[in-house]
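Asker: Pasting the sequence and the predicted model now:
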Amino acid sequence: MKRGFLYFLFKPFRISLKYFFLKISSLVFEGFYPLLEVFAFTFLIDECMSF
């Protein structure tokens, strides 16, 4: 019974934590993706120039 109560207590918290992590990861991804794209592009150009 106590375990079920704890689960009931922590379930919304876990969901909000999951949402929080998703939000942060999406923000980080959106921040890093253009940077990564530019880096990959310059790296590819550099590799093509060296051949």
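Answerer: Perfect, thanks for sending it. Numbers count the residues shown, from 1 in each chain.
Asker: centroid residue for the chain?
Answerer: Centroid-nearest residue in the chain, with CA atoms, centre = their mean: residue 25, separated by 2.4 Å.
Asker: where does the strand or helix carrying it sit relative to the chain's centre, distance-wise?
Answerer: Here residue 25 sits within helix 2-50, counting by DSSP states H and E. How far helix 2-50 lies from its chain's middle: 0 Å, per CA atoms, centre = their mean, to the nearest Å.
Asker: Report the mean per-residue pLDDT for it.
Answerer: Mean pLDDT, computed over helix 2-50, is 83.
Asker: Tell me the helices and strands packed up against that helix.
Answerer: Helix 2-50 sits against no helix or strand, with contacts defined as 3 or more CB pairs under 8 Å, 6 or more residues apart in numbering; DSSP states H and E. From N, CA and C alone the C-beta is placed, and that goes for glycine too.
Asker: What count of nearby residues applies to residue 26?
Answerer: Residue 26: 10 surrounding residues under other CB atoms under 10 Å.
Asker: ok, it to residue 5 distance?
Answerer: Distance, residue 26 to residue 5, by CB to CB, to the nearest Å: 33 Å.
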